[in-house]
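Peer 1: When you get a sec, could you give me coordinates for this:
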Amino acid sequence: MPNLFIPRERLHQWVEEVAADTEKHKQPITYLVKNQRRISKYVAINARSLTVGGRGTALFFQGLISRIYDLSGGRIKTVTNDHIKTSERAIRTVLEQIMPPDDGFADRVRQIEWRAQPHIIDECLHSLFDNDDLDRDDVAKLFLIQWVVIEALDGVWTPPANFDGEARYEHVPIASIKDAE
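Peer 2: The predicted model follows:
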């Protein structure tokens, strides 16, 4: 059974906290990235074809996603190559449905029912596709790399016993969250 979803508002709050105080989160993120060396290697290899800024963004997102799981509590086992390959295969089955990386890309991704942690995916989509500094093709590659990271990490994450996650996904635009703050 897939994990319950990390609640959208809480997730966005953590993303904002990490972005606002990167120094505070630097040590835990470094630890998390080093302990998931297979997924780190996957990100580094797949980000090689990106621009320098894209490569840095890929590594940053991997650390941020790992930190979100860490802040959620529970236990994160080590991602294996099999977890990565399984995640890649699943995503590859929907590439024709979601491509090209145009204005409808995010909506097409949101229609994929089996996604792990769709609110993390929404944060990635928002951050990447609203970034005019990155090339649109780089953005699509970056997103697909991070989607593999999310699927693989979710496969090895066991939420804490008291985790109050969501069982049902409903898209909540970031603007709605910011308006509520």
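Peer 1: what ranges of this protein fall below the confidence cut-off?
Peer 2: Applying pLDDT under 70 to the chain flags the ranges 1, 178-181.
Peer 1: Now do stretch 56-67: distance to the chain's middle.
Peer 2: 8 Å (C-alpha atoms, centre = their mean, to the nearest Å).
Peer 1: do stretch 38-57 as well
Peer 2: 14 Å.
Peer 1: residue boundaries of the helices in this protein?
Peer 2: Listed in chain order, the helices of the chain (DSSP state H) span 8-20, 22-35, 37-46, 52-71, 81-92, 95-98, 105-110, 118-129, 136-156, 174-180.
Peer 1: which other residues reach the third one?
Peer 2: Contact partners of helix 37-46, identified using C-beta atoms under 8 Å, 6 or more residues apart in numbering, comprise 33-34, 55, 58-59, 62, 78-81, 84, 141, 145, 148-149, 152-153. No exception for glycine: its C-beta is placed from N, CA and C like everyone else's.
Peer 1: Which residue, neighbours along the chain excluded, lies closest to A106?
Peer 2: The spatially closest residue to A106, leaving aside those adjacent along the chain, is L125, at 4.4 Å (C-beta to C-beta, 6 or more residues apart in numbering).
Peer 1: Counting neighbours, which of the contacts of helix 37-46 end up buried?
Peer 2: 33, 55, 58-59, 62, 79, 84, 141, 145, 148-149, 152-153 (16 or more other C-beta atoms under 10 Å).
Peer 1: With distance to I45 added, can I get these in CSV?
Peer 2: Formatted as CSV, these follow (distance: C-beta to C-beta, whole Å):
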residue, distance to I45
V33, 15
R55, 11
A58, 10
L59, 12
Q62, 12
V79, 14
I84, 11
K141, 12
I145, 10
V148, 11
V149, 13
A152, 14
L153, 17
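Peer 1: roughly how far apart are D82 and D130?
Peer 2: According to C-beta to C-beta, to the nearest Å, D82 and D130 sit 34 Å apart.
Peer 1: Let me fix that, I meant to ask about N46.
Peer 2: N46 is 22 Å from D130, by C-beta to C-beta.
Peer 1: Who has more neighbours out of the two?
Peer 2: Of the pair N46 and D130, N46 is the one with more neighbours under other C-beta atoms under 10 Å, namely 18 against 11.
Peer 1: Report how many residues lie close to the residue nearest to I177 when sequence neighbours are not counted.
Peer 2: Once flanking residues are discounted, I177 sits nearest to H12: 4.9 Å by C-beta to C-beta, 6+ apart. Applying other C-beta under 10 Å, we find 22 residues neighbouring H12.
Peer 1: Verify the contact between H12 and H126 for me.
Peer 2: No. The pair formed by H12 and H126 falls short of the contact definition of C-beta atoms under 8 Å, at 9.4 Å.
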